[in-house]
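Novice: got a sequence here, can you build the structure:
(2 chains)
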2 protein chains.
Amino acid sequence: MIGRLNHVAIAVPDLEAAAAQYRDTLGAQVGAPQDEPDHGVTVIFIELPNTKIELLYPLGEGSPIQGFLDKNPSGGIHHMCYEVDDILAARDTLKAQGARVLGTGEPKIGAHGKPVLFLHPKDFNGCLIELEQV
Amino acid sequence: MIGRLNHVAIAVPDLEAAAAQYRDTLGAQVGAPQDEPDHGVTVIFIELPNTKIELLYPLGEGSPIQGFLDKNPSGGIHHMCYEVDDILAARDTLKAQGARVLGTGEPKIGAHGKPVLFLHPKDFNGCLIELEQV
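Specialist: Prediction:
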């Protein structure tokens, strides 16, 4: 069911500092900040040869990232995103096997303009997993 | 400096259950358990089309994973590993810019038989980063 690892998302306390570190210290290809008001985050994508790192920073009130940063002031790995061919089929298969899908269970449109869903971390070894239809 | 994302490592409280979940529920290609006594872990690699997931479980007394699982009983994302061409050059560049290298600062041989180093999470947005020379 799952295909490529689309990205690993890191919540960071200072978006500009984190972007500069990946660009200047780690020598990676770092994109421009993008505001995603529907998701309450500003994101910067780092392009590695085989996948992406997504730097996440809170945007606006009630950002889902703020609570994570309150608990983890240095930042931390927030979620990982696996690609699937058919997100509704993937969701139904997972639910039939007892996995919990977050929110309403209906896909939202993610940072790449594609349908995404999140799975409950307690059902997946403490990892927040995003599924993205590609 | 950094190249491909070699793997994302997930510490899990039940290695067989996690492997079965990735194989049966998520439909991924899951390898056999490998004991790594020098690192205090048993690992299972999951092969995705573009990278790997490494499931980590404590092996023996004083495993570096045990403390993480004590704090995170459901498991969690433990570290991410970036590939570098020259690990000593990477280490020296990072140290010159103030980043802390864990342990003695000398590379150890990792789970793939290649030299590896770990960087201090507080210097990298709360993420434990492994560098592996490929």
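
Novice: can you give me the strands in chain A?
Specialist: Per DSSP state E, chain A carries strands over the ranges A:5-11, A:29-30, A:34-36, A:41-47, A:52-58, A:76-84, A:108-109, A:115-119, A:129-133.

Novice: need the contact partners of the longest one.
Specialist: Pointing back at strand A:76-84 there. A:1-11, A:54, A:56, A:65, A:68, A:90, A:116, A:118, A:127-134, B:8, B:26, B:48, B:77, B:80, B:121, B:125-127 (C-beta atoms under 8 Å, 6 or more residues apart in numbering or on different chains). Just so you know, the C-beta spots here come from the backbone N, C-alpha and C atoms, and that holds for glycine as well.

Novice: on that earlier part again, compare the strands of chain A and say which comes out lowest on pLDDT.
Specialist: Comparing mean pLDDT across the strands of chain A, the weakest is strand A:108-109, with a mean of 91.

Novice: who are the packing partners of that one?
Specialist: Packing partners of strand A:108-109 (3 or more C-beta pairs under 8 Å, 6 or more residues apart in numbering or on different chains; DSSP states H and E): strand A:115-119.

Novice: what is the neighbour count of the closest residue to residue A:59 other than its chain neighbours?
Specialist: Nearest residue to residue A:59, sequence neighbours excluded (C-beta to C-beta, 6 or more residues apart in numbering or on different chains): residue A:42, at 4.8 Å. Using other C-beta atoms under 10 Å in any protein chain shown, the number of residues around residue A:42 comes to 19.

Novice: quick check: residue A:42 touching residue A:36?
Specialist: Yes. Using C-beta atoms under 8 Å, residue A:42 is in contact with residue A:36, at 7.0 Å.

Novice: got any residues that touch both of these two?
Specialist: Common contacts of residue A:42 and residue A:36 (C-beta under 8 Å, 6+ apart): residue A:59.

Novice: ok, the residue lying closest to residue A:36 once chain neighbours are set aside - contacts?
Specialist: With sequence-adjacent residues excluded and distances taken as C-beta to C-beta, 6+ apart, residue A:36 is closest to residue A:111, at 5.5 Å. By C-beta under 8 Å, 6+ apart, the contact list for residue A:111 reads A:34, A:36, A:39, A:41, A:43, A:54.

Novice: how near is residue A:133 to residue A:1?
Specialist: Between residue A:133 and residue A:1 the distance is 12 Å, computed by C-beta to C-beta, to the nearest Å.

Novice: actually residue A:67, not the one I wrote
Specialist: Using C-beta to C-beta, residue A:67 is found at 30 Å from residue A:1.

Novice: picking up where we left off before, so which of the contacts of residue A:111 comes closest to residue A:72?
Specialist: Of all the contacts of residue A:111, residue A:72 sits closest to residue A:41, with 15.3 Å by C-beta to C-beta.

Novice: contacts only, for the closest one.
Specialist: Neighbouring residues of residue A:41 by C-beta under 8 Å, 6+ apart: A:56, A:57, A:58, A:59, A:63, A:64, A:65, A:111.

Novice: what about the closest residue to the second one other than its chain neighbours, how many neighbours?
Specialist: Excluding its sequence neighbours, the residue lying closest to residue A:57 (C-beta to C-beta, 6+ apart) is residue A:15, at 3.9 Å. Around residue A:15 there are 19 other residues, counting by other C-beta under 10 Å.

Novice: swap in residue A:24?
Specialist: If you count neighbours by other C-beta under 10 Å, residue A:24 ends up with 11.

Novice: residue A:17 too?
Specialist: Using other C-beta under 10 Å, residue A:17 has 11 neighbouring residues.

Novice: gap between it and residue B:91?
Specialist: Remark: distance between residue A:17 and residue B:91 (C-beta to C-beta) = 21 Å.
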